[in-house]
Structure formats: C-alpha cells, structure tokens
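Q: Need coordinates for the below:
(one chain, ligands or ions: 1)
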Amino acid sequence: MAKQYDVLFRLLLIGDSGVGKTCLLCRFTDNEFHSSHISTIGVDFKMKTIEVDGIKVRIQIWDTAGQERYQTITKQYYRRAQGIFLVYDISSERSYQHIMKWVSDVDEYAPEGVQKILIGNKADEEQKRQVGREQGQQLAKEYGMDFYETSACTNLNIKEELYLDTLGDTLHAAFPATSFNGQRFHSHSSNGGLF
Ligand SMILES: Nc1nc2c(ncn2[C@@H]2O[C@H](COP(=O)(O)OP(=O)(O)OP(=O)(O)O)[C@@H](O)[C@H]2O)c(=O)[nH]1
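A: Okay, here's the model as predicted:
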C-alpha cells in the first residue's frame, strides 16, 4: 500500500476551558463551527493531510481539556508536540492572565525549543472585548511567540499558514529542497478520539 504521508507533525491546543479550542480544531480540519460548548474530556484529536511542494504532510492536532481536573492527563501529551497553540479568549481577561500559567506548563512538560503560538480567539466578539490586541502582541513578544487573533466563528485567520508557520523550520530541516512557496495541491481530514 502506498505510504499515505511523508512526514507527521503533532500540534497541541491548550488554554482555559471555553476559550474555543475544540471550535478552532473543527474549523482547521472540517471547516465547521458549533455554537454549543461541550467540554472536552481528556484529549481528542483530528488529522489533516496537506501537500506542500509534493511532500505529503500529515498534521495531527490534539485538543486538550481546559478543565483543571484533566491536567494530569493532558500534560502527558506535551512532550510529543512539535508546535503548541496557547489559546485565550479576547472577551475574557481571566483566560489571558492564565496564559502565563500555560506557558510555564509548556516550559516544564514540552520539549525544549517547541514552537509556541499565542492565539486570541473569539475576535468576532468586539463588543465584549476585554483584552486589547496590543496586550496579545506584548505577551507574545515577551515569551518569543508568534501571535494571531482568530475567530472560529467567522473563520478569521484560521488557515494552513497558521500551522505551516509553526512547522516551517522543522519541515525545511527534514526536506531542505522545499521552499514552501510551491502550490498546495489538496488537503483532507480524518477524525480520531481518545478517552
Ligand atoms: N463568538 C465566538 N464564540 C466561539 C468562538 N470559538 C468558540 N466559541 C464558543 O465558545 C464556547 C466554547 O468553545 P469550545 O471550543 O467548546 O471551548 P474549549 O476551549 O474547547 O473548552 P474545553 O473543552 O472545556 O476546554 C462554545 O459555545 C463555542 O461556540 C469564536 O471564535 N467566536
């Protein structure tokens, strides 16, 4: 049977409960949005395969429960991640304040040098905004992270570039001939679940 991919990357979504991690994942992989909040139990994942300059890149995106009671389980997944999205909700100052705690968990449990990306989600909720864009930029700068404001609801900034930015250096190291400027031919998704 033909090999289904050339390289596999694991990305992890972390952040407080309710910031929109599951919705971001559903947008990434299935281009869907659900308005209900069903808290993730433990860990879940979905996959997406994209083709970059002829290289089949399988991206496994892990969605972790934000609730404190699952932290022992979720932290076990940090060490296998190549990229970590730290998510807060722009309408929740509290979720933004907690990013410091999530960063210290990454420092403790993830491999050294893992790519970190700060995400301010729910950017469509302008009227309820409690966290300025500059605050996000400032925090990202402080910790050496890239920063995006997104909306899983309106599909703002949720595109392949978001994770290709994260993985670009790693992919380039594995396939030096790849420029990442080539045409992306197709992508498809599949689901998987744990717990
Ligand atoms: N307006 C708006 N609502 C969103 C957005 N993303 C998620 N939500 C809503 O926020 C709520 C929580 O979203 P989830 O994706 O379930 O949150 P989570 O971070 O996975 O939560 P846990 O699984 O408990 O950790 C749901 O009601 C979503 O519909 C967004 O970009 N904009």
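Q: Show me what counts as buried in stretch 87-104.
A: Judged by neighbour count using 16 or more other Cβ atoms under 10 Å, the buried positions of stretch 87-104 are 87-92, 95-96, 98-99, 102-103. In this view, the C-beta of every residue, glycine as well, is placed from N, C-alpha and C.
Q: Name the nearest of those residues relative to residue 28.
A: Minimum separation from residue 28 among the buried residues of stretch 87-104 (Cβ to Cβ) is found for residue 87, which lies at 12.2 Å.
Q: which residues touch the closest one?
A: Residues in contact with residue 87 (Cβ atoms under 8 Å, 6 or more residues apart in numbering) are 13-15, 19-21, 24, 119, 121.
Q: quick one, phi psi at it?
A: Torsion angles at residue 87 (phi, psi; degrees, to the nearest 10) stand at phi -110, psi 130.
Q: Surely residue 74 and residue 44 touch.
A: No - look at residue 74 against residue 44 with Cβ atoms under 8 Å: they stay out of range, at 10.7 Å.
Q: Need the overlap of contacts for those two.
A: With Cβ under 8 Å, 6+ apart as the test, residue 74 and residue 44 reach no residue in common.
Q: Give the buried residues for stretch 59-74.
A: Of the residues in stretch 59-74, those scored as buried under the neighbour-count criterion (16+ other Cβ under 10 Å) are 59-66, 70, 74.
Q: what about the helices in the chain?
A: Counting by DSSP state H, the segments of the chain that form helices are 21-30, 71-74, 93-97, 99-109, 133-142, 160-174.
Q: Tell me which of those helices sits nearest to the ligand.
A: Go through those one by one with Cβ to the nearest ligand atom and the one that ends up closest to the ligand is helix 21-30, at 3.5 Å.
Q: Check which residues of the closest one are buried.
A: 21-29.
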